[in-house]
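# next input, structure requested:
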Amino acid sequence: MRELYILYMYDRPKLNLNLLLKYRIFVVMKKLSFVIPIILSAVILLSSADIHHNVKPMYTADIAVADNGDILLANKGTSELKLLASDGAVKQSWALKEPATGVAVYGNVAYVTSSYSIGSLTAVDLSDNSVKFEVKTGMGACAPLCSSDGKRIYVCNRYKATVSEVDAASGEVLREVAVLREPCAITVTPDGKYLFVNNYLPAQRADLDYVAADVSVIDVASFEKIKDIKLSNGSNALRGVTCSPDGKYIFVSHNLGRFQVPTSQLQQGWMNTNAVSVIDVENLSLIGSMSMDEPDRGAGGIWDIACDGNYLVAAHSGTHEVSIVEYQPMIERLLAYGDYSKMDYDLYFMRNIRARLPLNGNGPRNISLKDGKLYVPTYFSDTLNVVDVASQKVDFVAYNPHRVESPADAGERAFNDAVLCYQNWQSCNGCHPGDGRTDGMNWDLMNDGIGNSKNCKSMLYSFETPKCMISGIRDHAGLAVRAGYKFIQFCDIPEDMAVNVDEYIKSLKPLPSPYLVDGELSAKAVEGRKVYEKYGCAECHSGPYYTDMQMHRIGEDIEFEQGWDTPTLVEVWRTAPYLFDGRAATLEEVFTVHKHGIDGKISRKDAEALTEYVNSL
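Predicted structure coming up:
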């Protein structure tokens, strides 16, 4: 009967007479024919009880809506593209080789990006459900964008720091251009002249008075980067980008860190606020940043944005809501503002022109605005909200209702939940975006005095490599987690929730380095390993995590008697800037300018090879 049970559970259509004969249980069935209905009923009950066991969260990374109303979901957690009918019923799904990161649709063709170590664009013909092509673009492939005529697809290659232009018919990569750092979102002007690309994090040293991420401008005709537009001071974690229908303005959603002051309070956006920056397309210049917060209530975790000329809408992943802003009054207020340098701090800017609309589910991220309806999947609950923007009526459907969270899943949800924070200004993601990594900023935390800012560290391997913080002030990461909620978010969370956050951080895994060639060190990195050994780098950076987990006095301006904690070098390629206060913009500067751990001179050739090797770890 075991074979019968297996067939019933996993291949029910094949449960027929021929297969029963094949598995040689026909005779048994005949002899026990009176028992079989009872057994089958028991099997059905068992399968009904177990069919929803351990259903993984889908973690929808992106959404697109087809002309016929069908909905496309790029699901990171299940590495698939899923097609839903307008009522939420699943029509089709396509398995991907790597986790899905983005989706766009033009006519009957969907274009989905996926990435782990490779990064690809896959085209799916929705008329016959066939895959037209799959092409490698670069590690971190995400945010696909269709040109207005549908002939070209633009892809951000986040960890390659490039943008690719792909022929929509053949899948051929036609051109590629380098931008600054982690391109993660892209939009095109209505005339097709410019692409505006969000660089996720600042690409500079962090110990300056002005630190901010940039939006890169690409001339489509030449496919060359023509300008980098630096946003307001403190801008980081750039997420959504969209163009006004008239082509006059680019809107960029992002975090706005107040890194110039100690982290001593949260009131009135003292530490982090949530903003939408406005760029003048004609002059290719920043106008200013509009705060999406209120004086006594933050809009933590701002994510994607969209604009249709009637409304500007923004998703707030941390507070589980969307902002619906009346577009024309917003533009009138913007143009009449005067001193735009003060607008960054104006928590009253959206007063009387914006509605904050709560959603069903947890963690709205990427959105799609089409024909007056806003489509919003929630990342941490697999719920689709459909909002009639004008009436603000919300319908919703759970498209993965039997999802089961592991402790790490629950911890990730808490890590990103700004509702836990006092007045909802931020979550852990506010300083550790990109899956618990770094925001590239310096922060003056209160745990080791005032006036001594330190560069934000990635949380990868923080449990495996105690002590924690650059100063080693926390003996282990569990203490740092609880202190972070208490002294950064000014709240106390239940211990079981804190344990889940611990589990999430422990679950973080490094991405393969984009500097590797087919998973192996390049020839240059092999030479760099020799340089690493020559200068004795392994005296401090040793073992599987490339750290001895000790404190060392290196450099001239050592703040503490015991020195600095030795950080892991795993995934160091994505944690710029470097050294305790972010004074080195690049890893090569660590060796050539600051001579970190290097006595005497180092040749340019050796420095480049050493950089290549360390970036490959």
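# which stretches of the stretch 1-150 of the chain form strands?
60-65, 71-75, 80-84, 90-95, 100-106, 109-114, 120-125, 130-136, 141-146 (DSSP state E, counting those that start in this stretch).
# tell me which other helices or strands the very next helix or strand once past the last one touches.
Pointing back at strand 141-146 there. Counting by DSSP states H and E, the element after strand 141-146 in chain order, helix or strand, is strand 152-157. Contacts of strand 152-157 with other secondary structure elements, assessed using 3 or more C-beta pairs under 8 Å, 6 or more residues apart in numbering; DSSP states H and E, are made with strand 141-146, strand 162-167, strand 183-188. Backbone N, C-alpha and C define where each C-beta goes, glycine included.
# single out the most deeply packed of those strands.
Between the helices and strands packed on strand 152-157, the one whose residues have the most neighbours on average, counting mean count of other C-beta atoms under 10 Å, is strand 141-146 (a mean of 25).
# isn't Val278 up against Cys307?
No: taking C-beta atoms under 8 Å as the definition, Val278 is not a contact partner of Cys307, at 10.9 Å.
# torsion angles phi and psi at the most centrally placed residue in the chain?
In the chain, the C-alpha nearest the mean C-alpha coordinate belongs to Gly434, at 4.7 Å (C-alpha atoms, centre = their mean). Main-chain torsions, Gly434, degrees, to the nearest 10: phi 70, psi 40.
# quick one: contacts for it?
For Gly434, the set of contacting residues under the criterion of C-beta atoms under 8 Å, 6 or more residues apart in numbering consists of Glu182, Tyr200, Leu201, Ala237, Arg574.
# turn these into TSV, columns for pLDDT.
As requested, these are arranged in TSV below (pLDDT from 0 to 100):
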residue	pLDDT
Glu182	98
Tyr200	98
Leu201	98
Ala237	98
Arg574	97
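# in the residues you listed, find the pair that's most separated.
In terms of C-beta to C-beta, the contacts of Gly434 reach their longest pairwise distance at Ala237 and Arg574, which sit 13.8 Å apart.
# who's more crowded, those two?
Set Ala237 next to Arg574 and count neighbours by other C-beta atoms under 10 Å: Ala237 wins out with 29 against 21.
# how far away is Ser341 from Gly77?
When distance is defined by C-beta to C-beta, to the nearest Å, Ser341 is 42 Å away from Gly77.
# the two: which has the busier surroundings?
Gly77 (18 against 11).
# okay, and the common contacts of Val278 and Cys307?
With C-beta under 8 Å, 6+ apart as the test, Val278 and Cys307 both reach Phe251.
# where do the helices sit along this protein?
With DSSP state H, the ranges of helices along the chain come out as 2-10, 17-22, 26-31, 36-50, 327-335, 407-415, 433-436, 477-487, 495-507, 523-534, 587-592, 604-615.
# least confident of those, on average?
Here the helices of the chain differ in mean pLDDT, and the lowest is helix 2-10 at a mean of 30.
# contacting residues around Glu556?
Contacts for Glu556 (C-beta under 8 Å, 6+ apart) come out as none.
# what pLDDT is listed against it?
Predicted confidence (pLDDT) at Glu556: the value is 70.
# over to Ile473?
88.
# state the distance from it to Glu326.
From Ile473 over to Glu326 the distance is 47 Å, taken as C-beta to C-beta.
# do Glu495 as well
Counting by C-beta to C-beta, the gap between Glu495 and Glu326 amounts to 44 Å.
# who has more neighbours out of the two?
Neighbour count, other C-beta under 10 Å: between Glu495 and Glu326, Glu326 has more, with 17 against 9.
# I'd say that one and Tyr311 touch.
Yes: with contacts defined as C-beta under 8 Å, Glu326 counts as touching Tyr311 at a distance of 6.6 Å.
# and Asp388, how many neighbours?
Asp388 sits with 12 neighbouring residues when counted by other C-beta under 10 Å.
# so it touches Lys370, yeah?
No: judged on C-beta under 8 Å, Asp388 makes no contact with Lys370 at a distance of 11.9 Å.
# just to revisit the earlier point, would a markdown table of the contacts of Gly434 with distance to Leu84 be doable?
A markdown table is the format used below for the contacts of Gly434 (distance: C-beta to C-beta, whole Å):
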| residue | distance to Leu84 |
| --- | --- |
| Glu182 | 30 |
| Tyr200 | 29 |
| Leu201 | 33 |
| Ala237 | 29 |
| Arg574 | 33 |
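# circling back: can I get the helices and strands packed on strand 152-157 in TSV with mean pLDDT and distance to Phe396?
As requested, the helices and strands packed on strand 152-157 are exported to TSV (pLDDT from 0 to 100; distance: least, C-beta to C-beta, whole Å):
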stretch	mean pLDDT	distance to Phe396
strand 141-146	98	25
strand 162-167	98	34
strand 183-188	98	25
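# in a markdown table, list these along with distance to Asp228.
As requested, the helices and strands packed on strand 152-157 are arranged in a markdown table below (distance: least, C-beta to C-beta, whole Å):
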| stretch | distance to Asp228 |
| --- | --- |
| strand 141-146 | 18 |
| strand 162-167 | 13 |
| strand 183-188 | 12 |
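# which residues touch the nearest residue to Tyr613 once chain neighbours are set aside?
When the adjacent residues along the chain are set aside, Tyr613 lies closest to Gly528, with 2.8 Å between them (C-beta to C-beta, 6 or more residues apart in numbering). Applying C-beta under 8 Å, 6+ apart, one finds that Gly528 lies in contact with Glu608, Ala609, Leu610, Thr611, Glu612, Tyr613, Val614, Ser616.
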